[in-house]
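>>> Just the structure for this:
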Amino acid sequence: MELLQKMEEFANQRVSLEDQLSKLEITRKQSEAMREIKESDVQSMLSMVAENLPELDRESLKDILRSLIDHITLNSQTPACCIHYTIKLGLGELVASPGGFEPPYSP
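Numbering: from 1, shown residues only. Modelled structure (predicted):
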């Protein structure tokens with residue numbers, strides 16, 4: 001009976017470790033993607049958003065701003081503020097193709 005309990009315990013630990021490994025892999029991919037983003041990429045994205053602003057209805061504009069702006073810090077001494085924005089990473093592009101869809105390697 002003790003052997004079965006140990007096997008079940010190890011199976012549970014394996015599931016937990018696989019879950020942790022999966023989360024670490026996602027974090028690694030996010031870090032990798034963040035290192036590849038350049039200032040020019042951010043500038044280009046913000047310019048495209050700014051160009052399309054006049055064409056958007058009020059609700060679409062609010063949705064875009066909510067998705068971009070993380071928070072705003074106001075300076076109590078001056079009328080200045082600092083807008084902190086977020087960049088959503090589409091990690092789907094970083095995943096390798098499943099086997100069989102890539103052309104076979106031929107030397």
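
>>> which element is Thr73 on?
Using DSSP states H and E, the element containing Thr73 is strand 69-74.

>>> could you point out the longest helix in this structure?
helix 2-36 (DSSP state H).

>>> Which residues does the helix or strand hosting Ser44 contact?
Taking DSSP H and E as the criterion, Ser44 maps to helix 39-52. Helix 39-52 is contacted from outside by Ile64, Leu68, Ile87, using C-beta atoms under 8 Å, 6 or more residues apart in numbering. Where you see a C-beta, it was placed from the backbone N, CA and C, and this is true even at glycine.

>>> Buried ones from those, can you make that a ChimeraX selection?
For the buried members of those, the matching ChimeraX selection, counting by 16 or more other C-beta atoms under 10 Å, is:
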select :68
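
>>> Pick out the lowest-pLDDT one from the contacts of helix 39-52.
Among these, Ile87 has the lowest pLDDT, at 72.

>>> For the contacts of helix 39-52, please prepare TSV with the additional fields distance to Arg35.
Listed next are the contacts of helix 39-52 as TSV, based on distance: C-beta to C-beta, whole Å:
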residue	distance to Arg35
Ile64	26
Leu68	21
Ile87	13
